[in-house]
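below: sequence and its predicted model.
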Amino acid sequence: TTTTTTTTTTTTAVPSVMMKTKPIFSCHRITSDDFDKGFLELLAQLTVVGVISSKLFQDQLKAIDSHTGQYSLVVRHPQIGRIVSENYHQIKMTTTTSRN
């Protein structure tokens, strides 16, 4: 009985055009500039937003920033300059006391 083993190696080349492209999306902490970049329109897809002025938007951002451990990240599509995703984070901080 004769057994023959064949090994095939496949190499995938990355086209040079793919290596030269810039990132499609950027992620950053929400800022007052995002008011005009579609943040409220995005939020309106999930809930009832109502009429929110730029000042109220900025006041809400200040309130969120004043609470340690709370922040909202947004994802912006740089080619169209619009917010395409949002993610709210709340980090719970705990304090431990060591006993010596």
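That came through, no problem.

in the sheet, which residues pair with residue 85? Tell me.
Beta-bridge partners recorded for residue 85 (DSSP bridges): residue 75.

helix or strand next in line after the lowest-mean-pLDDT helix or strand in the chain, which one?
Counting by mean pLDDT, DSSP states H and E, the chain has its least confident helix or strand at helix 16-19, which shows a mean of 52. Of the helices and strands lying after helix 16-19 in sequence (DSSP states H and E), the nearest is strand 26-29.

name the helices or strands packed onto the helix or strand just after that next one?
Next in sequence after strand 26-29, counting helices and strands by DSSP H and E, comes helix 39-44. Helix 39-44 is packed against strand 82-90, with contacts defined by 3 or more CB pairs under 8 Å, 6 or more residues apart in numbering; DSSP states H and E. (C-beta placed from N, C-alpha, C; glycine too.)

got a list of contacts for the strand it packs on?
25, 30, 34, 37-39, 42-43, 69-77 (CB atoms under 8 Å, 6 or more residues apart in numbering).

do the same with stretch 46-64
Applying CB under 8 Å, 6+ apart, the contact partners of stretch 46-64 are 30, 31, 32, 35, 40, 43, 70, 71, 72.

which one of these has the most neighbours?
Using other CB atoms under 10 Å as the neighbour criterion, residue 30 leads the contacts of stretch 46-64 with 22 neighbours.

so it sits against residue 75, correct?
No: Residue 30 is beyond contact range of residue 75, at 10.5 Å (criterion: CB atoms under 8 Å).
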